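> quick one: sequence plus predicted model below, questions after.
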Amino acid sequence: MDEAYILNTFFALFAFVLIILMVPGFAMLEAGLVRTKNVTAVLTTNAMIYLVASMMFLLVGYHIAFGAFGSASMSAWAAFLFQMAFVGKTVNIMSGGVSERTRLVPLIFFTVMMAGIIYPIAVNLTWGNNFFAGTMFDISSMHDLAGSTIIHSTGGWALLAAILVIGSRKGRYKNGKVKVIPASNIPLVVLGGFLLWIGWFGFNGGSVGSIATKEDVETVALTIMNTNTAGLAGGLIVMLLSYISYKKFDITMVLNGALGGLVAITAGADIMNIYAPILVGVIGGILVFYAVPFFDKLRIDDPVGALSVHLVNGIWGTLAAAIFGTASFMSQLKGVLIVGFIAFSLSYITIFVINKISPFRANEENEIQGLDSAECGIEAYPEFNKSF
Amino acid sequence: MDEAYILNTFFALFAFVLIILMVPGFAMLEAGLVRTKNVTAVLTTNAMIYLVASMMFLLVGYHIAFGAFGSASMSAWAAFLFQMAFVGKTVNIMSGGVSERTRLVPLIFFTVMMAGIIYPIAVNLTWGNNFFAGTMFDISSMHDLAGSTIIHSTGGWALLAAILVIGSRKGRYKNGKVKVIPASNIPLVVLGGFLLWIGWFGFNGGSVGSIATKEDVETVALTIMNTNTAGLAGGLIVMLLSYISYKKFDITMVLNGALGGLVAITAGADIMNIYAPILVGVIGGILVFYAVPFFDKLRIDDPVGALSVHLVNGIWGTLAAAIFGTASFMSQLKGVLIVGFIAFSLSYITIFVINKISPFRANEENEIQGLDSAECGIEAYPEFNKSF
Amino acid sequence: MDEAYILNTFFALFAFVLIILMVPGFAMLEAGLVRTKNVTAVLTTNAMIYLVASMMFLLVGYHIAFGAFGSASMSAWAAFLFQMAFVGKTVNIMSGGVSERTRLVPLIFFTVMMAGIIYPIAVNLTWGNNFFAGTMFDISSMHDLAGSTIIHSTGGWALLAAILVIGSRKGRYKNGKVKVIPASNIPLVVLGGFLLWIGWFGFNGGSVGSIATKEDVETVALTIMNTNTAGLAGGLIVMLLSYISYKKFDITMVLNGALGGLVAITAGADIMNIYAPILVGVIGGILVFYAVPFFDKLRIDDPVGALSVHLVNGIWGTLAAAIFGTASFMSQLKGVLIVGFIAFSLSYITIFVINKISPFRANEENEIQGLDSAECGIEAYPEFNKSF
């Protein structure tokens, strides 16, 4: 009995640490993808999110989702830390997609609301206390192991709401053309991408919740294997599509393809055989490859491809858990729709209201000069001559 | 019985690995904070410290602290590795604060002495064999879970001694003004900061020393949660102070605030409730925010803010374990004073003597040109045009 | 019984995660060592290797090596993941040594063959099903804990074959002189070096295969301690040699010395006392220090020193397991020779044939311009003015 408690606590702490590697992971990925003049602002945003979101979840959010601290199968504090590690991700997804034009102060307000209320509501209805239990809105039968819908789509819907309010970067769409804005630091993109990948092992593996029996630990190992396989498949298909389309290998697209596969397997990694994730990931990668230019066609400007990776694949992955796994398709669809409705509408209202009080959009001069000087007063690489 | 031994060994190895992440953590943080011309020297210093300090601790230091290899509750080798992971940190604290002006050879000699003798003496008197047991200098009743005093203050006192001997960087204090020297690479600062943060979970969590009972694993989880909370609080308060003071968010200060909170919680994370670390961290962050300019007023030049983070908060944290936890205030104060006296005096003498044999201070020409060419013959980024 | 199964599975997953840290580890190390114009290509190659090699091992390679999925002592999926984490390393060793002149498409073909067939054959004969069991070619009595021969030499022999086919970088050897080509980003080199080091704890510690008894976990802890000690010793001796020879500290050589020590201890870390690894590492470091210029004398151009680190020390380490440990010298030598013969000849044939279909060598114009634009269409740092 104590044995199980100890093992589950230790494993949750292990998983927690892996997920925290995603904090520098997201920060490096985004710092590499934006232009040099916005790098410090992006990094500061990432640090802010970890600080604000985690503290809000400790003080408010956890209790909305789960009630009092506690867990029968492991230390209450390990259970808290594991859940806390998730919360910032929803804001990371949103902030990444509106970077290079967004002020920090309103982002802080949004982080407070997302981590304190919006995300906890999504958790309450699914992994948590379930306020809607027994009503027609009850979605607790959705199988969403580690949050294809609850985390990734929630963040993605918030991002969509934010882009609708904030608009696209200056000069991104001119005379009907999409101006390519190259990533400023590719090693950081690759480092960040793989730190996220490693964090995903903790995310999905830890979400099984127990290693205390042979069956549980088997499920944990299967989950981590399937997670990895979907990431591989997502990256591979985009590598192939990139080469077929351009005769070049676009590493930023390949990594986004892998991340798309990882998002897609997040709902059902524990309820599939070891080959299904190949298909889940391949479709996830294809979705990323075609969604990125599609959003640009709609003039929805998302510098890091977060909508394609997290929203599109969050939906796909939740359905895939029924198509390739043992989940019920209708339960999955219902969950996608209800969480999507809640996440989008609450985020939109929140962003709309904050925007009236403290506008998200940086002024034109600051956007052209770069947000680093206006928001942070610190250049990312002050000693290098720049050509842009 | 074997069960406990296995679990404790595994957990110690896990904690050890987390702490080793602090090796690249410190290296990246410092490489980002100094000017481009000194980046390779700083990185080389960090690698040197891990090599020299760890080897000295294996051959000499461990035995001064603990006697023969061995541990009743886990593998002797896991116990050694866990302790070994700590030793370099004391030198990292010192070397970071005297970077951009200090030669490597005398730093090697100092590392030999610190890891071989000075730090082991501090450990001997507290976590170790306790040479002073039963005398009036016995400080074994100080509660210092993972070394607010034993590691962070010890390193901080050594740094203070070093700055007194070595002096400030050329041009730092001119005509009564402090010349701001901007950090050269902010992504590295953020990466390093979060690698340190993650390492801290191993540092403090592993210091509980056992996960073999339900109570022990509960304490481990509480310790990691409290560690994280204090880091959050330290970062948040500095974010707020930074915005109030300058209308900007200074990410390097925010990270130092978080590190200050982490140092402060290191003594008593295991003996507080889950809300006290918020206050410990807030006060830690405030101390960093005001100590950094205070040391500059005293013309004590510390390019990475190590005195504010490690010495000031090492002292604060040790006392906080009595104020907010269950430790005895007088025992804590006595420990701070006796370890402080030993660490400062032994470090000062050591640095003074080494300085006679092989001067710490680089000559003026090398300092102006940057230490990378003089000490290492390798530029950090040889292909980029620089504007400084 | 279940207890052991759970602990072994958890530990294998822990070790797996550490090894995956080597993916960004290798990527950062190599991205830092090559010139800016080839950084994206090197990073893309590293990502490609993880994607292709891991997928090939899942679909083909694992079965050649071990037959059906399965393990008596832990989850089959954890056992698979741990083995899968190894496979890309052999290709990393090869690709790193031919970087700055090699096209990606033939590297993909080679990765398919190496991860699908060549490496699995080496594993089959040693850790695996042993096709040669009972014949005169049976080398299963070689003690190669985590692959000094099976991984590092195999990768090294493949690299030697590749360099013979592909040749050296343009301008590297001119008028009988070796042109020094400086590393472009030293922080990335240091970050990558330490991520590899940390990965090694999982590599070697996990290869013990069990933590389920007191003896097993003791061996695991000893193995990790010895691994670290050899790395320290390899780095220290090169630091000393570098200073004696040039009065400077060459951090790239110091890290290669440490990696040499780590490779050398990989065969026998589990069967030595705690002081022998100092000698294993010192000799490993010396070998790196003198092998690097030696290969240049032979005009074998290896931009990252992979032959010296992996091939030379792979052989040395396998023999050292007999000299300093309890392995049989003749068994070790026989293993080195037979695996070497198989790895070199199969790699050479594979590379020779691929080279006819899709030449490895980039054309002269692309090599001079840098592979980033030709192969990837993406510059690593597009906004910085460059002086090369």
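Arrived safely, thanks for sending.
> OK, contacts around residue A:181?
A:35, A:169, A:172, A:303 (Cβ atoms under 8 Å, 6 or more residues apart in numbering or on different chains). No exception for glycine: its C-beta is placed from N, CA and C like everyone else's.
> which other helices and strands contact the helix or strand harbouring residue A:277?
Assigned by DSSP states H and E, residue A:277 belongs to helix A:276-297. Helix A:276-297 is packed against helix A:214-246, helix A:251-265, helix A:313-323, with contacts defined by 3 or more Cβ pairs under 8 Å, 6 or more residues apart in numbering or on different chains; DSSP states H and E.
> can you pull the buried residues of it?
A:276-289, A:291-292, A:295-296 (16 or more other Cβ atoms under 10 Å in any protein chain shown).
> mind checking how far residue A:329 is from residue A:315?
Distance from residue A:329 to residue A:315, counting by Cβ to Cβ, to the nearest Å: 13 Å.
> between those two, which one's more packed in?
residue A:315 (25 against 12; other Cβ atoms under 10 Å in any protein chain shown).
> list the contacts of that one.
Per Cβ under 8 Å, 6+ apart, neighbours of residue A:315: A:148-149, A:153, A:336, A:340.
> ditto for residue A:282
A:233-234, A:236-237, A:261.
> among the residues you listed, which are in reach of chain B?
Filtering the contacts of residue A:282 for neighbours of chain B using Cβ under 8 Å from any Cβ of the partner chain leaves an empty set.
> export those as a markdown table, with columns for pLDDT, distance to residue C:181 and neighbour count.
Converted to a markdown table, those look like this (pLDDT from 0 to 100; distance: Cβ to Cβ, whole Å; neighbours: other Cβ atoms under 10 Å in any protein chain shown):
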| residue | pLDDT | distance to residue C:181 | neighbour count |
| --- | --- | --- | --- |
| A:233 | 98 | 37 | 27 |
| A:234 | 98 | 35 | 37 |
| A:236 | 98 | 32 | 23 |
| A:237 | 98 | 36 | 26 |
| A:261 | 98 | 37 | 36 |
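> show me which of these is closest to residue A:386.
residue A:234 (33.6 Å; Cβ to Cβ).
> just checking, that closest one touches residue A:266?
No: counting by Cβ atoms under 8 Å, residue A:234 does not reach residue A:266; the two are 11.9 Å apart.
> now, which of the contacts of residue A:315 lie within helices?
A:336, A:340 (DSSP state H).
> name the helices or strands packed onto the helix or strand in which residue A:40 is found?
Assigning secondary structure by DSSP H and E places residue A:40 in helix A:39-56. Counting contacts by 3+ Cβ pairs under 8 Å, 6+ apart, helix A:39-56 packs against helix A:22-33, helix A:76-97, helix A:104-113, helix B:186-207, helix B:214-246, helix B:251-265.
> and after it, which helix or strand comes next?
Counting by DSSP H and E, what follows helix A:39-56 is helix A:62-66.
> residues in contact with that next one?
Contacts of helix A:62-66 (Cβ under 8 Å, 6+ apart): A:69, A:80, A:83-84, A:116-117, A:120-121, A:123-124, A:127-129.
> what do you get if the cut-off is 7 Å, keeping everything else the same?
Here helix A:62-66 makes contact (Cβ atoms under 7 Å, 6 or more residues apart in numbering or on different chains) with A:80, A:83, A:117, A:120-121, A:123-124, A:128-129.
> what pLDDT, on average, does the helix or strand hosting residue A:9 get?
Assessed by DSSP H and E, residue A:9 sits inside helix A:2-20. Over the span of helix A:2-20, the pLDDT mean works out to 97.
> and the closest residue to residue A:335 other than its chain neighbours, which of the three is it?
When the adjacent residues along the chain are set aside, residue A:335 lies closest to residue A:142, with 3.0 Å between them (Cβ to Cβ, 6 or more residues apart in numbering or on different chains). State at residue A:142, reduced to three classes by DSSP: H, G, I helix; E, B strand; the rest coil: coil.
> thank you, goodbye.
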